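**Q** fold the following and give me the result.
(chains A and B)
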Number of protein chains: 2
Amino acid sequence: MKIYKYPSKKTFKEIMQRSVINSNEIFTDVRKILVDVKTNGDAAVKKYSQKFDQVAPSLEIGITQKEIKEAKKKIPNDLKEAINVAFANISKFHSSQLIKTEKIETTNGVICWQKYVPIENVGLYIPGGTAPLLSTLMMLAIPAKIAGCKNLVVCTPPKSDGSVDQAMLYLLDYFKIENAFKVGGAQAIAAMAYGTESISKMDKIFGPGNQYVTAAKQLVSLDNTAIDMPAGPSEVAIIADETANPGFVAADFLSQLEHGADSQAIIITDSKKLLDATIIEIEKQQAVLSRKKLIEKAAQKSSIVLLENKEDILNFVNDYAPEHLIISTKENKFYIENIKNAGSVFIGNYTPESAGDYASGTNHTLPTNGAAKAYSGLSTLSFMKAITFQEISKTGIKKLGQTIEILAETEQLQAHKNAVTIRLKQIENEKLS
Amino acid sequence: MKIYKYPSKKTFKEIMQRSVINSNEIFTDVRKILVDVKTNGDAAVKKYSQKFDQVAPSLEIGITQKEIKEAKKKIPNDLKEAINVAFANISKFHSSQLIKTEKIETTNGVICWQKYVPIENVGLYIPGGTAPLLSTLMMLAIPAKIAGCKNLVVCTPPKSDGSVDQAMLYLLDYFKIENAFKVGGAQAIAAMAYGTESISKMDKIFGPGNQYVTAAKQLVSLDNTAIDMPAGPSEVAIIADETANPGFVAADFLSQLEHGADSQAIIITDSKKLLDATIIEIEKQQAVLSRKKLIEKAAQKSSIVLLENKEDILNFVNDYAPEHLIISTKENKFYIENIKNAGSVFIGNYTPESAGDYASGTNHTLPTNGAAKAYSGLSTLSFMKAITFQEISKTGIKKLGQTIEILAETEQLQAHKNAVTIRLKQIENEKLS
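**A** Okay, here's the model as predicted:
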């Protein structure tokens, strides 16, 4: 962890530097996998599962109802209850995101409107790794269901014995997801983007993953499959002043770092006292954590920054555009009003990032690596698209016709003009007859 | 133009086949331009302008206020008035797209909300070519202004004499856009994505273009700059029955084809009578159009399809997912309710596509090549992103704390759990003291 006291603006770039992801070599490797799966379907998928996930050649990729039924029995009641609470909160907030649109009469006789409709086929990728990412499945499946998506496909990498985590199976049943597959990595993204004998082609693919998954998502996005957003390593900025609790700040800092060796956390403060107290707290808390090695590695890219005042802090954070932003100050209102670039914001001493990671109701799939300057986090609308409609009466085209004719003529598009002229003539003829 | 009467489902794929865009060679060529501009800035931009747009080496790339002032005098009043009308309609519809969000209490003491904020830096690309695309600048600048984007940059290719169309200059003044550049092609996209001495780095790039521009946009989207959507050749599907006017249908069909040799139009009908009458009308109208060669070329990829009934037509269109959809039938309501995949829909005999291209109020930047299955057309929200906020009180974290702890523990994220536990302990301690 680096400590910067009143750094120059030149140093800012160094502090904000993220881990580099997706080298050209990764794109080259992943491109081969995509072409192979596109050409050879399930056979290629199975080949890569054997290679990367060390599963047996005999493994069936579809998750069966039998597996799901078995899992249901093994889930402890307190976990079931926690899932219920998180489900209720996430559902409530994401239901509020549905948009009611109205018809707008732009000119007398010219009616325009938007209609939000669900994307029909959505693929959800849930990473594997050491722990089951229950929360990721909830954060993707809940808005997909609220949006009304018809076909949900889930892909998640199996363990080498061919099994999938029990809690994950429980959630598949919870969300009535019937098309779930034991497939991970770039081969899973390829299967959902191009379709195979077992896995249908999806219109849009969602979910986080390692750099191979991310590269695969980026590449299929050039080839007729939409993706949620580019996803890189996780990060947090914490704005804290002398009213913040150093123990809480340290806990939030460390919880970010345990995500992975390439995670990043930056504490920004105008209080030297808070800075000193937080350093002590970080050392104390870190000592008893289990993922110590990971945290130490991530800490190398993380920092505490002392700045002059709230304006400097605001500018720093807007420039950094963090995925997560925690604000624990006496000036919370100032920051809430003026923050321009951030994925999700956590306000006050009693709002840890982990609340939003699991259960407050907001989505935890958020733009990283500065993408918050242009991207939103996932919402129910990410699973929908808007179709625009217009309906013009005879009165309307008589009013608007000349405008269209002049603009089409300026653009030298004669047939565009003619499509209006022929209608205006018809109306004129009707009047005469 | 091909005519299909009751084709088999197998033939559908052939009918719906779009022009192939962006071969690997184009990506390779464009990649070189991107790297060059990223490394050498303005010098590289100027080099490519000389090469591709045949401008003089002495050409300054910035559009000056002097040029704009000169242009203002030369615009005819009827064009000024047409711009005013289109501006009013497009502004009215796009203003209605701003979203009011509200605070949601998901659990007692847990408040979540979204805030839509403008993307600060947006780059607008306006293609050149034979005619000035006035309407494109309007369709991009109006929602950008309504969204509240702070910095707008416009790039448009100059003619070989270094000039830019007068009407385009007039619009730059109309929208008070001060940062406009005479730069086109992949080099323009590179300049806005990476920044040069003259052109600032943008957060998101909008606008249509040829296959080099499209490839450049796709490639920068892998490298930290957002783009509006993948854009391919323009297309329309026209659903018409015996109540449609064959002359209008033919005019709409032809107006699509004049966009370019790779444009596509498909008429789908259940009326043999309408089919026959439309063929005659197309031949008649086509004979007097100026862009005949272009239209003949595009017609080769276009078709009229006769199907059994409205259900078959609906399924065909949802599968095709057209950029534009015109519906002129006695069953308009059925189609409006059931259409799932389309960019923009034009309803009834008096709603030509050209109305939406210019002045009805809807945006004409729309998903092509089947992308309407997952993408919306441009709207005001395309120029904004949503930040989520959450604020949890002591009561809230006491209610929600255990849920978060259990879920974090299931995911083996001890530090995530600890960020809650330390707060719950503090509340407990306060109670005791």
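
**Q** in the one helix or strand in chain A whose mean pLDDT sits lowest, which residues are buried?
**A** Between all helices and strands in chain A, the lowest mean by mean pLDDT, DSSP states H and E belongs to helix A:292-299, at a mean of 88. Using 16 or more other C-beta atoms under 10 Å in any protein chain shown as the test for burial, helix A:292-299 gives A:Leu294, A:Ile295, A:Ala298, A:Ala299. C-beta coordinates here come from the backbone N, C-alpha and C atoms, glycine included.

**Q** quick one: the second one from B:Asn418, how far?
**A** Distance of A:Ile295 to B:Asn418, computed by C-beta to C-beta, to the nearest Å: 12 Å.

**Q** tell me how far stretch A:414-430 lies from the chain's centre.
**A** Averaging C-alpha positions (C-alpha atoms, centre = their mean, to the nearest Å) puts stretch A:414-430 47 Å from its chain's average.

**Q** can you check stretch A:27-41 too?
**A** Centroid separation for stretch A:27-41 versus its chain: 24 Å, with C-alpha atoms, centre = their mean.

**Q** for stretch A:172-192, same thing?
**A** For stretch A:172-192, the separation from the chain centroid amounts to 17 Å (computed by C-alpha atoms, centre = their mean).

**Q** what's the end-to-end length of that stretch?
**A** End-to-end distance of stretch A:172-192: 18 Å, with C-alpha to C-alpha, to the nearest Å as the criterion.

**Q** any residue of that stretch touching chain B?
**A** No - if you take C-beta under 8 Å from any C-beta of the partner chain as the test, stretch A:172-192 misses chain B, and the best it gets is 12.3 Å.

**Q** got the confidence number for the residue nearest the centre of chain A?
**A** What sits nearest the mean C-alpha location of chain A, by C-alpha atoms, centre = their mean, is A:Thr365, with 3.4 Å. Confidence at A:Thr365, expressed as pLDDT, is 97.

**Q** let me see the contact set for it.
**A** Contact analysis of A:Thr365 by C-beta atoms under 8 Å, 6 or more residues apart in numbering or on different chains lists A:Thr136, A:Met139, A:Leu140, A:Phe206, A:Gly207, A:Pro208, A:Asp228, A:Met229, A:Ala231, A:Gly377, A:Leu378.

**Q** now it: how far from B:Gly247?
**A** In this view, A:Thr365 and B:Gly247 are 51 Å apart by C-beta to C-beta.

**Q** ok, back up a step: got any residues that touch both of A:Ile295 and B:Asn418?
**A** Joint contacts of A:Ile295 and B:Asn418 (C-beta under 8 Å, 6+ apart) are A:Leu254, A:Leu289.

**Q** can you map out the helices along the stretch 251-400 of chain A?
**A** Ranges of helices in the stretch 251-400 of chain A, per DSSP state H, counting those that start in this stretch, are A:272-286, A:292-299, A:310-320, A:332-338, A:353-358, A:394-410.

**Q** helix A:272-286 and the second one, what's the angle between them?
**A** By that I understand helix A:292-299. Calculated by axes from the mean of the first three to the mean of the last three C-alpha atoms, to 10 degrees, helix A:292-299 forms an angle of 150 degrees with helix A:272-286.

**Q** could you redo the helices of the stretch 251-400 of chain A as JSON lines and give each row distance to chain B?
**A** Formatted as JSON lines, these follow (distance: least, C-beta to the nearest C-beta, whole Å):
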{"stretch": "helix A:272-286", "distance to chain B": "7"}
{"stretch": "helix A:292-299", "distance to chain B": "7"}
{"stretch": "helix A:310-320", "distance to chain B": "9"}
{"stretch": "helix A:332-338", "distance to chain B": "7"}
{"stretch": "helix A:353-358", "distance to chain B": "4"}
{"stretch": "helix A:394-410", "distance to chain B": "4"}
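
**Q** deepest of these, which one?
**A** Each of the helices of the stretch 251-400 of chain A was scored by mean neighbour count; the highest is helix A:353-358, a mean of 28, by mean count of other C-beta atoms under 10 Å in any protein chain shown.

**Q** tell me which other helices or strands that one touches.
**A** Judged by 3 or more C-beta pairs under 8 Å, 6 or more residues apart in numbering or on different chains; DSSP states H and E, helix A:353-358 is in contact with helix A:246-257, strand A:324-328, strand A:344-347, strand B:384-392, helix B:394-410, helix B:414-432.

**Q** on that earlier part again, select, out of the helices of the stretch 251-400 of chain A, the one closest to A:Asp165.
**A** helix A:353-358 (16.4 Å; C-beta to C-beta).

**Q** can you give the distance of stretch A:403-412 from its chain's centre?
**A** On C-alpha atoms, centre = their mean, the centre of stretch A:403-412 falls 42 Å from the chain's centre.

**Q** pull it out as PDB, backbone CA atoms only.
**A** Extracted C-alpha coordinates of stretch A:403-412, given in PDB (Å, rounded to 0.1, in the frame of the first residue of the first chain):
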ATOM      1  CA  THR A 403     -40.100  19.900 -44.000                       C
ATOM      2  CA  ILE A 404     -39.200  16.300 -44.900                       C
ATOM      3  CA  GLU A 405     -39.100  17.200 -48.600                       C
ATOM      4  CA  ILE A 406     -36.700  20.100 -48.100                       C
ATOM      5  CA  LEU A 407     -34.300  18.100 -45.800                       C
ATOM      6  CA  ALA A 408     -34.300  15.100 -48.200                       C
ATOM      7  CA  GLU A 409     -33.600  17.300 -51.100                       C
ATOM      8  CA  THR A 410     -30.700  19.000 -49.200                       C
ATOM      9  CA  GLU A 411     -29.300  15.500 -48.600                       C
ATOM     10  CA  GLN A 412     -29.900  14.700 -52.300                       C
END
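
**Q** what lies in contact with it?
**A** A:414, A:416-417, A:420-421, B:78-79, B:81-83, B:85-86, B:130-135, B:167, B:352, B:354-355, B:357-359.
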